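# just the structure for this:
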Amino acid sequence: MEAEDAKTPRERYRAQVRAEVKEHAWEQIATAGASGLSLNAIAKKMGMSGPALYRYFAGRDELITELIRDAYRSAADAMSASAQRSGGPDVSALAHALRAWALADPHRYFLVYGTPVPGYHAPDDVTGIASEIMATLLDACAALPRSSAPGTPFDEHLASHRDWADGHPAPPAALHRALAFWTRLHGLLSLELAGHFTGMGFDPALLFEAELDDLLSR
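I've put the predicted structure just below:
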């Protein structure tokens, strides 16, 4: 609150306009997807001219970056809060936190984990927040009991192909486990949120639990 009070009236107004622009952007994404995002359409809805709106966002890419940054930050905060409640990173708790976050706003989920927006490239600070989320999962996987199963060729591969882990000290087997959780759970969430389980007659929550149990038993 103190930081907000320290802003000038012009800075507060600018922040309010940018927040309103983002609200309208999310409405557009919910209707037409991120590829259909239009600053001119948002300006018209806000009763502004296109050039006036460009004083707040330089272009579509800057607006998308802000939305992605907010979405990643929200996911990272959800994962961090889960770790705090569990007294440390816990894979099961993190998985449930991820699913709850995704179900709360599917359009936000698909903006960061769905099909890339054509022609858009995220800046490094955005991918840094994504790395923070992965680091939380890696912490949790590194804390799991070591599997008695023999190492796999992919474990050996990961020993020298771990740039994606951003310097995390987890052993290759833990890196493999984290990737298994990440890919399988995101696969389930993507199918569920896109409606592909609709009409199949089973509870997606129970399928999620079954997959999570299988991953934890390995």
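# middle-most residue in this structure, spatially?
Residue closest to the mean C-alpha point of the chain, counted by Cα atoms, centre = their mean, is residue 72 at 4.3 Å.
# could you say what helices and strands the longest helix seen in the chain packs with?
Looking across the chain with DSSP state H, the single longest helix is helix 60-85. The criterion is 3 or more Cβ pairs under 8 Å, 6 or more residues apart in numbering; DSSP states H and E, and the helices and strands that helix 60-85 contacts are helix 9-32, helix 91-104, helix 106-113, helix 124-143. C-betas here are computed from N, CA, C, even on glycine.
# reformat those as TSV; add distance to residue 45, mean pLDDT and mean neighbour count.
Converted to TSV, the helices and strands packed on helix 60-85 look like this (distance: least, Cβ to Cβ, whole Å; pLDDT from 0 to 100; neighbours: other Cβ atoms under 10 Å):
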stretch	distance to residue 45	mean pLDDT	mean neighbour count
helix 9-32	6	93	14
helix 91-104	25	96	19
helix 106-113	17	94	19
helix 124-143	26	90	18
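# including distance to residue 186, could the ones you listed go into CSV?
What follows is the helices and strands packed on helix 60-85, written out as CSV (distance: least, Cβ to Cβ, whole Å):
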stretch, distance to residue 186
helix 9-32, 19
helix 91-104, 8
helix 106-113, 6
helix 124-143, 11
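# quick one: closest of those to residue 214.
Nearest of these to residue 214, taken as Cβ to Cβ: helix 91-104 at 11.9 Å.
# hmm, back to that, my read: the residue nearest to the centre of the chain touches residue 129, true?
Yes - counting by Cβ atoms under 8 Å, residue 72 touches residue 129, with 4.0 Å between them.
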